[in-house]
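Trainee: sequence below, structure please.
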Amino acid sequence: MTQPYNGAQMLVCPVETADFQHTCAVVVSGDGINACGHTLLHIGGHWSWYVHIAGFYKVPKFMNGDGYKRYLKENGKREIRRWPVKLPNPQGAHDKLHELIEKPWLWGIIANNCASFVEEVVQAGGNKAGVYLNCPVAEPFA
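Mentor: Down below sits the predicted model:
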């Protein structure tokens, strides 16, 4: 049985610094007992990319727009909301994403989770936004 689509590992980051002019935290429904949902980073500019952590000790996965639709369908998820995030330092966010794609992310359910991954990138971009209760469906990414 094949696993549902979660994106692809990128050895070279396809996202350019200019793409961070349009950035969103995207909240989708969770899996199984996860009622708090899942958070992905959407980066758009010349291209549209979704990046997220999918697994306990995995590298970030990338999807283009069509891949994101496939991800939602194959995983039985639905988009709940998007939170636009302004980044005063897009180069900082770009550099952080480059750093994070090189190593597995130690996912820790409550801490160091999918929302934490998105927070690290946007905070490196100069925005203090995040989720503080670690339940993305129940709070704003602000």
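Trainee: show me the shaky parts of the protein.
Mentor: 109-110 (pLDDT under 70).
Trainee: quick one, phi/psi of I101?
Mentor: phi -80, psi -10 (degrees, to the nearest 10).
Trainee: my guess is it meets P60, correct?
Mentor: Yes. Counting by Cβ atoms under 8 Å, I101 touches P60, with 5.4 Å between them. No exception for glycine: its C-beta is placed from N, CA and C like everyone else's.
Trainee: tell me, what's touching the two both at once?
Mentor: Taking Cβ atoms under 8 Å, 6 or more residues apart in numbering as the criterion, I101 and P60 both touch 9-10.
Trainee: which of those two has more neighbours?
Mentor: P60 (23 against 19; other Cβ atoms under 10 Å).
Trainee: contacts only, for that one.
Mentor: 9-10, 51-53, 97, 100-101, 105, 117.
Trainee: measure stretch 130-140 end to end?
Mentor: 8 Å (Cα to Cα, to the nearest Å).
Trainee: list the buried residues in that stretch.
Mentor: 130-131, 134-137 (16 or more other Cβ atoms under 10 Å).
Trainee: ok, stretch 76-90 next?
Mentor: Buried, per 16+ other Cβ under 10 Å, within stretch 76-90: 77, 83, 85, 87, 89-90.
Trainee: what segments of this protein are helices?
Mentor: Listed in chain order, the helices of the chain (DSSP state H) span 65-74, 90-100, 114-124.
Trainee: can you put these in CSV and add distance to T23?
Mentor: Shown next, in CSV, are these (distance: least, Cβ to Cβ, whole Å):
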stretch, distance to T23
helix 65-74, 15
helix 90-100, 7
helix 114-124, 7
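Trainee: ok, which of the ones you listed comes nearest L41?
Mentor: Nearest of the helices of the chain to L41, taken as Cβ to Cβ: helix 114-124 at 4.7 Å.
Trainee: how far is that closest one from where the chain is centred?
Mentor: What separates the centre of helix 114-124 from the centre of its chain is 8 Å, taken as Cα atoms, centre = their mean, to the nearest Å.
Trainee: repeat for stretch 133-142
Mentor: With Cα atoms, centre = their mean, you get 14 Å for stretch 133-142.
Trainee: next: stretch 7-22.
Mentor: 11 Å.
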